[in-house]
Each structure stands twice: as structure tokens, then as C-alpha cells.
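Participant: here is a sequence with its predicted model. Questions after.
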Protein chains: 2
Amino acid sequence: MHLLKERILLEGQNLGNGILKIDSLLNHQLDPLLMLAMGKEFAARFADVPADRILTAEISGIAPALMTAIELNVPVVYARKKQPVTMRGKIFVESAPSHTKGGMVDLMVSGEFLHAGERVLIIDDFLASGQTLMALSRLAMAAGAEVVGVGVVVEKIFEGGRDAMHQAGFTMPIHALATILNMDHGKIVLA
Amino acid sequence: MHLLKERILLEGQNLGNGILKIDSLLNHQLDPLLMLAMGKEFAARFADVPADRILTAEISGIAPALMTAIELNVPVVYARKKQPVTMRGKIFVESAPSHTKGGMVDLMVSGEFLHAGERVLIIDDFLASGQTLMALSRLAMAAGAEVVGVGVVVEKIFEGGRDAMHQAGFTMPIHALATILNMDHGKIVLA
């Protein structure tokens, strides 16, 4: 996605250790026109899937997931990392290592909002190690739903997440709107 | 906003202690058509403000803030509750009591995304005690920005937040898309 790649090259910062700062357009500030364009692009790439529901993880997955949901007219559910007081009854829980905060984080979805037989499209901000996406996928499978596609705004291909997902048996389409080939020596090299 | 009120009456649950569960439409699952309608409604109510930027708080403020931003074509910044590794340099920090989690939560915005002289519209999910909205407002003022309006999806008027904000000197328009008069005896009474 050309517009996104331009913005990453213009505004992205390589903070070392594989950390890409794109707070100006995804992780702190949101640009509505860029977000709309991302939603349209995801919808186009997954047009032939089709999905009944979008699953993402709080916090930074919410905006791209919602924009895609608007294009596809399906509900979004965002996995919570802390159990809110309103989350009761049957809960699906998986955990994944946090890329930016260290330690493990739980991902929780209420049984109210993931159902057996649903076709689920997973949308998130980054594909790095793939662990968060695989945890989201396990949530969907635990509910008896089928994951029909995975879309991410940015893939850091050098972290091996796509390979790890293939090795774990993921055969559904995985699309990234921008792919970073390497971040060596302070650079940001896009595909 | 009629559509929202209908959905609250249909799907909302009074969990006691003033806790309104509307996870099916705002705090866990998002309905894209309802979200679009909320964005249009906020944009209409604040059409004469006008704002340069929308400020909200993660997590549940992000969706309504983004939908409003799309209508108004202005950037959103969402205050973070934990400092991400990408947040460096000048940071504005305020704290507010958490309504649903207990204790105090920090709200942090990078100095990169709030600027002196900007006209800021605050959008959030709930107006209860008003403490989070006042903390967001202090963030904007600390940056030298002006808060020109406050919009919330749901106001629980019996918690006194609007009065507290007036007493604290808030004179800008405060709009709620749905107002709950009381939640006594397990009921949800809308204005």
C-alpha cells in the first residue's frame, strides 16, 4: 500500500532492537484518511474470503480492525488484556509474549462475541514473531470458529512470524499492507 | 441519538453499583454501522466548534473518537495508560481514578501530538464522575491547547460528572449521545 509505505519512510523511526516507532499514524495518533484507506485495502484483499466477524487485540489493532469492519459491514470484537468488571460468564483466554512491554499478556474474549461456525478475519497492527496473531487464532478456534484470513498493517518479515505461522499450520491468506525487510544499522528497508 | 438509546435498552445490562454493560456495542464488540452513526452525530453536534484535533483515552474511547475524526477530517490522539517503549521525549501525564478497575490510572500523551494553540475536542465512551474527562482536559491545557468541546457516548447523569465539570469551570459544550437518568433497582432509565 503505497500511501502507507510513504508515511512509514517519512515518519517512522527505527529505535533499535527491531522497534519501529510509527506513533504518528498508528500507535498513538491516528490519521483518519490513512485509516480509511487501510480499511478499504484490507477489505479489497479479503473480498473473496468472506468473513462474518473481525477479531483484533486492544489497543492498536482497534482502529484498523474497525475501518475494515466498516468496509465489510461485519462486527469487530477486540480481545481485552485485563478482564473488565463487565466480562462475566464464559471467557476464552490465551496468552502471548508482549513485544514492546516484556512478559506475557493475556488475551480474553467473552463467549458472547465469538461463536462456533463463524468465519473470522484477524486484523492487527504488527506481524513480528506472530505470537499475538497465533494467540488470537487460538481464541477463535477455541470458540469453534474458523480463521479465514490474517491482515496486519506492518509486517517485520525479519522477525520470522510468517514462517512460524506457516510451520504452525496456518494456511489461510496472510496480508500485510507494508512489509519491512530489515531494520539493520538504523535503516527501515521496505519491500 | 435514537438508534443508540434503542440499542442500550435492548442490549445494556445494569450490573449494579452504576456499572452499565454495553460490551455488545462499545466496550468489547463494535458495530460498524452504529459507530459510523455515532461519528456523524458527534460531528454534527460539534460542527460549529470547530476543532483541530480529537483527544481520547485508550481503550474504549478510540472507536468513537476515530469515527468522529473521519467526519471532521482531523487527527486523533489517544492517551496511553502505560508508557510504551516508543514514547520518549516530552510527555504530558495526568491521572484519574479508574471507574471500573479501581485505583488511579495515568493518562499520557506525547508532546509530539498535542500542541500549543490547537483547538481540541475530547471524545470518550462514558461521562460518569467526569474525572477522566477532566484529566484529558488538563493534558490539553498543559500543552497550551484549548478544549473546545467534550463529547461522550453515554452520560450517567446521576454520578454528577457534568456538575463537577461545571464547578471546575468547564464552560465548553458537553454533549452525550445517550443520557442515563438512573440505574436504581436494576433498571436503566434513559432521558
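Facilitator: Right, received. Where do you want to start? Residues are numbered from 1 along each chain as shown, chains lettered A, B, ... in the order given.
Participant: can you tell me which helix in chain A is longest?
Facilitator: Longest helix in chain A, counting residues (DSSP state H): helix A:32-45.
Participant: report the angle between the next helix or strand after that one and helix A:32-45.
Facilitator: Remark: after helix A:32-45, the chain's next helix or strand is strand A:53-57, criterion DSSP states H and E. Angle, strand A:53-57 to helix A:32-45, by axes from the mean of the first three to the mean of the last three Cα atoms, to 10 degrees: 130 degrees.
Participant: what helices or strands is strand A:53-57 leaning on?
Facilitator: helix A:62-72, strand A:76-79, strand A:119-127, helix A:131-142 (3 or more Cβ pairs under 8 Å, 6 or more residues apart in numbering or on different chains; DSSP states H and E). Quick note: C-beta positions are derived from backbone N, CA and C, even for glycine.
Participant: and those as TSV, adding mean neighbour count?
Facilitator: Formatted as TSV, the helices and strands packed on strand A:53-57 follow (neighbours: other Cβ atoms under 10 Å in any protein chain shown):
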stretch	mean neighbour count
helix A:62-72	25
strand A:76-79	26
strand A:119-127	25
helix A:131-142	22
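Participant: adding mean pLDDT and distance to residue A:166 as columns, could you present these in CSV?
Facilitator: Formatted as CSV, the helices and strands packed on strand A:53-57 follow (pLDDT from 0 to 100; distance: least, Cβ to Cβ, whole Å):
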stretch, mean pLDDT, distance to residue A:166
helix A:62-72, 98, 23
strand A:76-79, 98, 23
strand A:119-127, 98, 12
helix A:131-142, 98, 11
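Participant: now tabulate these in TSV and tack on distance to chain B.
Facilitator: TSV is the format used below for the helices and strands packed on strand A:53-57 (distance: least, Cβ to the nearest Cβ, whole Å):
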stretch	distance to chain B
helix A:62-72	4
strand A:76-79	4
strand A:119-127	12
helix A:131-142	13
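Participant: which of those sits closest to residue A:151?
Facilitator: Residue A:151 lies closest to strand A:119-127 among these, at 4.8 Å (Cβ to Cβ).
Participant: related to what we said a few turns ago, CA atoms only for the longest helix of chain A, dumped as PDB, please.
Facilitator: Below are the C-alpha coordinates for helix A:32-45, written out as PDB (Å, rounded to 0.1, in the frame of the first residue of the first chain):
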ATOM      1  CA  PRO A  32      -8.400   9.400   9.600                       C
ATOM      2  CA  LEU A  33      -7.800   9.400   5.800                       C
ATOM      3  CA  LEU A  34      -4.900   7.000   6.100                       C
ATOM      4  CA  MET A  35      -7.100   4.800   8.300                       C
ATOM      5  CA  LEU A  36      -9.900   4.800   5.800                       C
ATOM      6  CA  ALA A  37      -7.500   3.900   3.100                       C
ATOM      7  CA  MET A  38      -6.200   1.000   5.200                       C
ATOM      8  CA  GLY A  39      -9.700  -0.300   5.800                       C
ATOM      9  CA  LYS A  40     -10.500  -0.200   2.100                       C
ATOM     10  CA  GLU A  41      -7.300  -2.000   1.200                       C
ATOM     11  CA  PHE A  42      -7.900  -4.800   3.800                       C
ATOM     12  CA  ALA A  43     -11.500  -5.200   2.500                       C
ATOM     13  CA  ALA A  44     -10.200  -5.500  -1.000                       C
ATOM     14  CA  ARG A  45      -7.600  -8.000  -0.200                       C
END
